[in-house]
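Enquirer: predicted structure and sequence below. I'll ask about it afterward.
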Amino acid sequence: MSFTITMTTAARIMRQLGHDRRTIALMLAVPALLLTLMRYVFDDQPMIFDRIGVIMLGVFPFVVMFLLTSITMLRERTTGTLERLLTTPLHKLDLLLGYGIAFAVAATAQAAVVAGTAFWLLGLDTAGSAWTVCGLAIANAVLGMAMGLFVSAFAQTEFQAVQFMPAFVLPQFLLCGLIAPREQMVGWLQAISDALPMTYAVEALTEVSTHADPTGTMWKDVGIILGSIAVALLLAAATLRRRTA
Amino acid sequence: METTIEVEDLVVQRGGRTVLHRLTCAIPKGLVTGLLGPSGSGKTTLMRCVVGVQQVKSGTVTVLGRPAGAPALRRRIGYLTQAPSVYADLTVQENARYFASLYGVPRHDADQAVTDVGLGAAAGQLVSTLSGGQRARASLACAILGSPELLVLDEPTVGQDPVLRDDLWQRFHDMARGGTTLLVSSHVMDEAGRCDRLILIREGSIIADDTPKAVRASAGTDDLDHAFLRLVRAANEQITTDDEARAEER
């Protein structure tokens, strides 16, 4: 592994994003717009917006980054650049960390825009600090990115990659406790829910929205999110094979 | 003669089919070796074995004294894939500079490689806006930068006009004179004459491995195109005769 190669790879990926202005605009504007819609759907129930809005601050970046990375990585695989890269001194982890850094920067920009909109323009109210919410939003975006990198290995076409989004993200969304409380689910559903990373992301955000100071549960959740990021990146590394049939 | 690549009894299977049949050959150092054969004959597979990205069934490939694919080899080999492998959403210069950074080569060498392949004027252009031939040259620039010891080029001149092709071949020979070993595949016979050595491959087996002059002589014709046709047909007849012999035995 090489620090220089990791950083130039991150810079290369950001340059690619930089040439695609429309993607940047969509990435930054769409989550903020969706949150605005939600704010006015619950116009007369600000309590509900406070509860769900903060969770959406974590869910939207997760979904967007999952899609962006799974498709970018798939392109790297299908256009032959991946095979070419693996004949150079680049280490597999240089590539994955390069993606991690580049998309973490993008995720930070996205989280800043959506959190800024939520707190300043839409009057989102949380007991905990807005900075903690922002930090969790970034962690969720990086988690989405890491899972996208891994999942891209199972898609052969962009059509398939797009379909992985509902396949991987919606079950997590259904079971994370947002639609129905986890305590009310049957045992086997709870067990699945326990195994899905988004459950902990949502729990952490709920903790921040209801407690003024960071709680032990929140730190445990942060630990699980960071652990899931590491596992997803290692699994992604295992899917990058230098020698193929 | 010093050899850069040694291939011994190489067997490769792809999709349940044997693509290379116990292939054995040696590529000498500092020469341009042409790898020629009909489409589907195994040229790309052999090149993928040399750069170490192909799963091998049996046999050995030794490159610059080490097993093909060894990590230490990665900074000593330049590889041009058949389909251009550059980022369409980056400019030519950004692509070249990125690949240069992977090899630890200065930016100046990247810019020089872009000029060398005749893309100096298009350096700031996004690859997605280039023509097919230009795109292929952008990919070539990323392969030759930093003067690697071995260059594996899969059809480097496809889609280029005659003047550019001539320029590129002169550049290949300049590099060989500087000590670089080049393995270049092509299916255009008029390029075969420009190689120092030729390996003719057909259905995963070598049917000739010699200088262009010797290949012409053994086929009994001055025209390499005809020579190749004769050798391929002779090999086909050989296979047919073998099959008949086997049928008679039964």
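Expert: Good, I have the coordinates. Numbering: from 1, shown residues only, chains lettered A, B, ... in the order given.
Enquirer: quick check: residues of chain A near chain B?
Expert: Applying C-beta under 8 Å from any C-beta of the partner chain, we find that chain A lies next to chain B at A:4-5, A:8-9, A:12, A:15-16, A:19-20, A:79-81, A:83-90, A:242-245. In this view, the C-beta of every residue, glycine as well, is placed from N, C-alpha and C.
Enquirer: let's see 6 Å
Expert: Counting by C-beta under 6 Å from any C-beta of the partner chain, the positions of chain A adjacent to chain B are A:5, A:8, A:12, A:15-16, A:19, A:80-81, A:83-84, A:87-90, A:242-243, A:245.
Enquirer: can you map out the helices along chain B?
Expert: Along chain B, counting by DSSP state H, helices occupy B:43-51, B:92-103, B:107-116, B:132-144, B:162-177, B:189-192, B:212-219, B:224-249.
Enquirer: which other helices and strands contact the fourth one?
Expert: The one in question is helix B:132-144. strand B:77-80, helix B:92-103, helix B:107-116 (3 or more C-beta pairs under 6 Å, 6 or more residues apart in numbering or on different chains; DSSP states H and E).
Enquirer: which one of the ones you listed lies closest to chain A?
Expert: Nearest of the helices and strands packed on helix B:132-144 to chain A, taken as C-beta to the nearest C-beta: helix B:92-103 at 4.0 Å.
Enquirer: that closest one packs against which elements?
Expert: With contacts taken as 3+ C-beta pairs under 6 Å, 6+ apart, helix B:92-103 sits against helix A:3-18, helix B:107-116, helix B:132-144.
Enquirer: where in chain B is pLDDT low?
Expert: Residues of chain B that meet the criterion pLDDT under 70 lie in B:239-250.
Enquirer: and the residue nearest the centre of it?
Expert: Compute the mean C-alpha point of chain B, and by C-alpha atoms, centre = their mean the closest residue is B:V184, 3.1 Å away.
Enquirer: hang on, that one packs against B:L153?
Expert: Yes - at 4.8 Å, B:V184 counts as touching B:L153 under the criterion of C-beta atoms under 6 Å.
Enquirer: what sits against the closest residue in space to B:I5 that isn't next to it in sequence?
Expert: Leaving aside its sequence neighbours, B:I5 sits nearest to B:I27 (C-beta to C-beta, 6 or more residues apart in numbering or on different chains; 3.9 Å). Residues in contact with B:I27, defined by C-beta atoms under 6 Å, 6 or more residues apart in numbering or on different chains, are B:4-5, B:33, B:183.
Enquirer: at 8 Å what do you get?
Expert: Taking C-beta atoms under 8 Å, 6 or more residues apart in numbering or on different chains, we find B:I27 in contact with B:3-6, B:33, B:181, B:183, B:197.
Enquirer: now the helix or strand harbouring A:A29 against helix A:3-18, angle please.
Expert: Element membership of A:A29, judged by DSSP states H and E, is helix A:21-41. Relative orientation of helix A:21-41 versus helix A:3-18 (axes from the mean of the first three to the mean of the last three C-alpha atoms, to 10 degrees): 70 degrees.
Enquirer: let's test this: mean pLDDT of helix A:21-41, rounded?
Expert: Across helix A:21-41, the average pLDDT comes to 92.
Enquirer: which bits of chain B sit near chain A?
Expert: Those residues of chain B that sit near chain A, judged by C-beta under 8 Å from any C-beta, are B:14-15, B:51-56, B:69, B:71, B:74-75, B:77, B:79, B:81, B:83-90, B:94, B:98-99, B:101-104, B:126, B:142.
Enquirer: just the buried residues of these.
Expert: Neighbour-count burial (16 or more other C-beta atoms under 10 Å in any protein chain shown) applied to these gives B:14, B:51-54, B:56, B:69, B:74-75, B:77, B:79, B:81, B:84-90, B:94, B:98-99, B:101-103, B:126, B:142.
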